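Enquirer: heads up, no residue letters with this:
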């Protein structure tokens, strides 16, 4: 019967870490919680796949000023807002470690209805056009500063 219980099930978890969190401690906390709270005597096996360090980006300096200026121009004078989300995009912490002097800018093309990373994620084409303009303006400003 299609509604019969199946003998096994699998799930894949992804955990976002806040800056300052320890990835190994977070994994152990999740594993311990899942094993401790397994319902109805179910056996739980947690298999580690990969991890990455959380990070904080210092969004100060001339490159960030250039980015804010480009966003402001693309949005008709509206100031951009730094919201500081995430913290656990694994390659960014690695990139910071390898290139400590690099200015790292992380942006997202999102509007209030984007539902980022969801099964029904969307992209407002008007917002996308503004982001493309902002990126072109930013690249122009970076090129100007490189020539100076």
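Expert: Great, that's in hand. Note that the structure is a prediction, hence the values are computed from the model and not measured.

Enquirer: where's stretch 117-129 relative to the chain centroid, distance-wise?
Expert: How far stretch 117-129 lies from its chain's middle: 16 Å, per C-alpha atoms, centre = their mean, to the nearest Å.

Enquirer: Pull the residues that contact it.
Expert: In this structure, residues lying in contact with stretch 117-129 by C-beta atoms under 8 Å, 6 or more residues apart in numbering are 109, 110, 111, 113, 114, 115. For every residue, glycine as well, the C-beta is placed using N, CA and C.

Enquirer: for stretch 96-104, same thing?
Expert: 55, 57, 61, 63, 64, 92, 95.

Enquirer: try 6 Å
Expert: By C-beta atoms under 6 Å, 6 or more residues apart in numbering, the list of residues contacting stretch 96-104 from outside reads 55, 57, 61, 63.

Enquirer: Please name the nearest non-neighbouring residue to the last one.
Expert: Distance criterion C-beta to C-beta, 6 or more residues apart in numbering; nearest residue to residue 63, sequence neighbours excluded, is residue 103 at 3.7 Å.

Enquirer: got it, and the first one?
Expert: Counting by C-beta to C-beta, 6+ apart, residue 55 lies nearest to residue 93, which is 4.0 Å off, once chain neighbours are set aside.

Enquirer: now swap in the second one and tell me
Expert: The shortest distance from residue 57 to any non-neighbouring residue, by C-beta to C-beta, 6+ apart, is to residue 104 (5.3 Å).

Enquirer: Can you tell me the SS state at the one you found?
Expert: Three-state call for residue 104 (DSSP: H, G, I helix; E, B strand; the rest coil): coil.

Enquirer: Pull out the buried positions in stretch 45-65.
Expert: Residues 53, 54, 55, 57, 59, 63, 64 are the ones in stretch 45-65 that count as buried (16 or more other C-beta atoms under 10 Å).

Enquirer: Which of the residues you listed fall within helices?
Expert: 63, 64 (DSSP state H).

Enquirer: and which of the buried residues of stretch 45-65 is nearest residue 138?
Expert: Closest approach between those and residue 138, by C-beta to C-beta: residue 63, at 8.7 Å.

Enquirer: any idea how far the closest one is from residue 27?
Expert: 34 Å (C-beta to C-beta, to the nearest Å).
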